[in-house]
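**Student:** have a look; sequence and predicted model below, questions after that.
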Amino acid sequence: MRLLFLGDVVGRSGREAVAERLPGIVEQYGFDFVVINGENASHGRGLTEAHYQNLRDAGADVVTLGDHAFDQRDTLSFIEREPNLLRPINMPPGTPGRGAMFVESRKGHRVLVVNALGRVFMGPVDDPFRAVEAAIAACPLGEQADAIIVDFHTEATSEIQGMGHFLDGRASLVVGTHTHIPTSDHRILRGGTALMADAGMCGDFDSVIGVDTEEPINRFLTGIANGRFSPAEGEATLCGVAVETDTRSGLAIKVLPVRIGGSLSQALPEF
Ligand SMILES: [Fe+2]
Ligand SMILES: [Fe+2]
């Protein structure tokens, strides 16, 4: 199987890049399943139902979230009717929505997607390691699941690498989101799990992690909020990771970084 994961979509430029480029990328490289993190898609804060539909229409099989999951209030209600929208699994019991989804793809592949929040330099949440492990144990890779994708949304690269090794051999891909900065540590671990500490964002890199530079610089200089953060509106780079799996085992046999369009663009190597 060919899996594509795209990191946090930021604002209008991120949404437009996904809408314009994703269908062609899926076609060109023959991706079987696409996951997109949408936690910043609506003006940098959360995800409205309309913008969720935009991502789905562009080709996302599943959309994941993060610490901004409920910044748009209507997400609390529409997430209940959208099984292909995930919020982090280790939020408090009773939080609307779900954190893991076993999906049959349009092509008939059975894919488990899990979204979790980290705890290092993040707000207090339940243990992500045991929560993800329990979700995976319910439909193991190579048995019920043809592929397992874990979006681990956190600040610290150490925590993501820990999760990757913890799940090595039990997931197809463990990928970090949240920092918006793509890392170059993509690789396949000994047990066959592809790991990348951060997918990067789908947003305008002429910015401070997707935000117009003026207000972030002002806050760094003064420590005082003078205005609101606004998403940068220049051309977005689509950032993420592409993985090819062995059909029988579900483990990774190839992993490549994706950086298409905008100021961080680079050619996608032979896939
Ligand atoms: Fe984000
Ligand atoms: Fe985040």
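**Tutor:** Received, thanks. Numbering: from 1, shown residues only. Ligands and ions are numbered 1, 2, ... in the order given.
**Student:** point me to the residue of the protein nearest ligand 1.
**Tutor:** The nearest approach of the chain to ligand 1 comes at D8, 3.6 Å away (CB to the ion). C-beta coordinates here come from the backbone N, C-alpha and C atoms, glycine included.
**Student:** for that residue, list the residues it contacts.
**Tutor:** The contact partners of D8, by CB atoms under 8 Å, 6 or more residues apart in numbering, come to 14, 37-40, 66, 177-178, 180, 199, 201-203, 210.
**Student:** what does V26 give?
**Tutor:** L4, V34, G59.
**Student:** hmm, 10 Å instead?
**Tutor:** R2, L4, D32, F33, V34, A58, G59, A60 (CB atoms under 10 Å, 6 or more residues apart in numbering).
**Student:** near ligand 2, which residues of this structure are found?
**Tutor:** Taking CB under 5 Å from the ion, the part of the chain that reaches ligand 2 is made up of G66, D67, H178.
**Student:** and the closest residue to S172 other than its chain neighbours, how close does it get to L112?
**Tutor:** Closest residue to S172 apart from its sequence neighbours, by CB to CB, 6 or more residues apart in numbering: A147 at 4.4 Å. Separation of A147 from L112 (CB to CB, to the nearest Å): 7 Å.
**Student:** what residues are shared contacts of the two?
**Tutor:** Contacts common to A147 and L112, judged by CB under 10 Å, 6+ apart, are V103, L141, A171, S172, G250.
**Student:** would you turn these into CSV with secondary structure?
**Tutor:** Output for the shared contacts of A147 and L112, formatted as CSV (DSSP: H, G, I helix; E, B strand; the rest coil):
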residue, secondary structure
V103, strand
L141, strand
A171, coil
S172, coil
G250, coil
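**Student:** nearest to ligand 2, of those residues?
**Tutor:** Of those, the one sitting nearest to ligand 2 (CB to the ion) turns out to be A171, at 20.6 Å.
**Student:** now do the SS call for M163.
**Tutor:** Three-state call for M163 (three-state DSSP): helix.
**Student:** assess the claim that it and F152 are in contact.
**Tutor:** Yes - counting by CB atoms under 10 Å, M163 does reach F152; the two are 4.9 Å apart.
**Student:** that older thread, need the residues of the chain next to ligand 2 in TSV with secondary structure, neighbour count and distance to E49, can you?
**Tutor:** Formatted as TSV, the residues of the chain next to ligand 2 follow (DSSP: H, G, I helix; E, B strand; the rest coil; neighbours: other CB atoms under 10 Å; distance: CB to CB, whole Å):
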residue	secondary structure	neighbour count	distance to E49
G66	coil	24	18
D67	coil	18	20
H178	coil	28	23
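**Student:** which of the residues you listed sits closest to G223?
**Tutor:** Nearest to G223 among those: D67, at 21.7 Å, using CB to CB.
**Student:** run through the residues that contact that closest one.
**Tutor:** Contacts of D67 (CB under 10 Å, 6+ apart): E39, P88, M91, L117, G118, M122, G123, V125, H153, T154, E155, H178.
**Student:** what's the closest non-adjacent residue to the last one?
**Tutor:** Closest residue to H178 in three dimensions, ignoring its sequence neighbours and counting by CB to CB, 6+ apart: H153, at 4.6 Å.
**Student:** equivalent analysis for the fifth one, please.
**Tutor:** The shortest distance from G118 to any residue that is not its chain neighbour, by CB to CB, 6+ apart, is 2.3 Å, and that residue is T154.
**Student:** what's the answer for the third one, then?
**Tutor:** Nearest residue to M91, sequence neighbours excluded (CB to CB, 6+ apart): V125, at 6.2 Å.
**Student:** surely that neighbour is in contact with A69?
**Tutor:** No - here V125 does not reach A69: they are 11.2 Å apart, not a contact under CB under 10 Å.
**Student:** which of these two has more neighbours?
**Tutor:** The neighbour comparison of V125 against A69 (other CB atoms under 10 Å) goes to A69, with 27 against 19.
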